[in-house]
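Peer 1: When you get a sec, could you give me coordinates for this:
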Amino acid sequence: AKNVAATVNVPTASTVTAYEWNHSGFKSGKFTVKVASGTHTELSEVLVTSDTSNNIHLTEYGMVGTNGSLSTISADYNSNKIRIRVTTLNNNSDVTVAGTLIA
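Peer 2: Reported below is the predicted structural model:
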């Protein structure tokens, strides 16, 4: 297992890669994803796993926010990397991901 973290500033509401890792090293992970916009925050926990055909599966649970939804979270496979993708609903959002990769 390996602990990881990253922060991405999103100046214009859009979809960004919040974190990515090499699929051949780690197949799964558990992450906390935080989106901050203005005075509001949203926090979610996600589980991401993959199979030998490079299918990516994500379950989001434990979502809590201070003022409605700030984002949606997805995951995909691209060029031998698993990516956590966050679509922000507001301009000037900060997306922070912290988690554990599991082989």
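Peer 1: three-state assignment of the residue nearest the centre of the chain?
Peer 2: Note on the chain: the residue nearest the mean C-alpha position is I84, at 3.9 Å, using C-alpha atoms, centre = their mean. Of the three states, I84 takes strand under DSSP: H, G, I helix; E, B strand; the rest coil.
Peer 1: contacting residues for it?
Peer 2: 17-20, 31, 33, 46, 48, 58, 73-75, 97 (C-beta atoms under 8 Å, 6 or more residues apart in numbering). Where C-beta positions appear, they are placed from N, C-alpha and C, glycine not excepted.
Peer 1: need the residues you listed in a markdown table with pLDDT and neighbour count, can you?
Peer 2: Formatted as a markdown table, these follow (pLDDT from 0 to 100; neighbours: other C-beta atoms under 10 Å):
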| residue | pLDDT | neighbour count |
| --- | --- | --- |
| T17 | 98 | 16 |
| A18 | 98 | 24 |
| Y19 | 98 | 26 |
| E20 | 97 | 18 |
| F31 | 98 | 23 |
| V33 | 98 | 22 |
| V46 | 98 | 21 |
| V48 | 98 | 26 |
| L58 | 97 | 16 |
| I73 | 97 | 21 |
| S74 | 97 | 15 |
| A75 | 98 | 23 |
| V97 | 98 | 22 |
